[in-house]
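Colleague: no FASTA, just this:
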């Protein structure tokens with residue numbers, strides 16, 4: 001699973017002004033500030049109040065985008081901030097995008113024990129249980145018990161909570177290590193991320209059609225940012 005909220009976009013005005021600096025063409029700019037009560041497309045569709053990109057400016061944005069990274073520096077001046085909750089296995093891949101991105105995360109080192117572990121804390125929508133497939137798909141222990149992947153996660157959660165209770169009792173560092181090293185990569189972590197439109201468009205191009213559902217869902221969220229699809233249009 002992945003959850004994206006608190007999305008904000010900044011500095012369209014400055015990026016457009018800077019985009020026209022090389023040719024001193026500021027007089028051709030036709031973008032205007034727009035407000036929540038105006039019925040216009042673009043940045044208002046997500047942020048309620050923002051910048052309405054005019055036809056001239058949008059045409060230049062598209063041409064510079066097609067010309068390559070050395071010409072579309074204005075994209076790196078448009079900033080995006082958002083809160084993302086996603087499993088650790090997804091964050092491991094997101095960390096590939098370190099240039100131009102900053103993230104502040106909830107700390108597993110300091111706050112792993114802050115609340116009891118629950119099933120909702122993990123991305124487990126694809127794990128099989130007795131209701132999702134025939135019992136013959138699951139390992140048959142000598143005792144005769146059918147043991148599913150969802151059973152395994154449930155037992156892990158019980159073990160995590162057991163060592164959490166010990167840690168809360170005497171702050172035993174050994175108990176803390178049991179939680180840290182046992183924690184599955186499906187554990188959901190929340191981070192506040194800032195990046196720019198160049199990062200956004202790179203992610204869209206590189207991660208569309210990825211085998212992880214989280215990437216495909218994230219790509220669709222990014223495509224809904226103001227003017228992303230309009231700029232990337234051929």
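Modeller: That came through fine. Computed from a prediction, not measured in an experiment: that's the story for all the values here.

Colleague: state the mean pLDDT of whichever helix in the chain runs longest.
Modeller: Ranked by residue count under DSSP state H, the longest helix found in the chain is helix 149-170. The average pLDDT within helix 149-170 is 95.

Colleague: what of stretch 190-200?
Modeller: 96.

Colleague: pull out the buried residues from it.
Modeller: For stretch 190-200, a neighbour-count test (16 or more other Cβ atoms under 10 Å) marks 191, 193, 194, 195, 196, 197, 198, 199, 200 as buried. Placement of C-beta: from N, CA and C, glycine included.

Colleague: which residues does the residue nearest to the spatial centre of the chain form a beta bridge with?
Modeller: The centroid of the chain falls nearest to residue 84 when counting by Cα atoms, centre = their mean (4.5 Å). For residue 84, the beta-bridge partners under DSSP bridges are residue 4, residue 191.

Colleague: so what touches stretch 11-21?
Modeller: 26, 28-29, 31, 33, 43, 50-51, 53, 57, 60-61, 64, 73-75, 77-79, 226-227 (Cβ atoms under 8 Å, 6 or more residues apart in numbering).

Colleague: can you mark which positions in stretch 148-162 are buried?
Modeller: Buried, per 16+ other Cβ under 10 Å, within stretch 148-162: 148, 149, 150, 151, 153, 156, 157, 160.

Colleague: list the buried residues of the helix or strand that the longest helix of the chain is followed by.
Modeller: Using DSSP states H and E, the helix or strand that follows helix 149-170 in sequence is helix 173-182. If you call a residue buried by 16+ other Cβ under 10 Å, then helix 173-182 has these buried ones: 175, 176, 178, 179.

Colleague: redo the residues you listed as CSV? Include pLDDT.
Modeller: Written out in CSV, the entries for the buried residues of helix 173-182 read as follows (pLDDT from 0 to 100):
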residue, pLDDT
175, 95
176, 94
178, 96
179, 95
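
Colleague: take those and write them to TSV, including distance to residue 91.
Modeller: As requested, the buried residues of helix 173-182 are exported to TSV (distance: Cβ to Cβ, whole Å):
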residue	distance to residue 91
175	25
176	21
178	22
179	18
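
Colleague: so which of these comes closest to residue 6?
Modeller: residue 179 (28.2 Å; Cβ to Cβ).

Colleague: mind listing what the closest one touches?
Modeller: 112, 113, 160, 163, 164, 167.

Colleague: if you set the cut-off to 10 Å instead, what comes out?
Modeller: Residues in contact with residue 179 (Cβ atoms under 10 Å, 6 or more residues apart in numbering) are 108, 112, 113, 117, 159, 160, 161, 162, 163, 164, 166, 167.

Colleague: I'd guessed residue 83 sits against residue 6; true?
Modeller: Yes - under the criterion of Cβ atoms under 10 Å, residue 83 makes contact with residue 6 at 4.5 Å.

Colleague: okay, and the common contacts of those two?
Modeller: With Cβ under 10 Å, 6+ apart as the test, residue 83 and residue 6 both reach residue 192.
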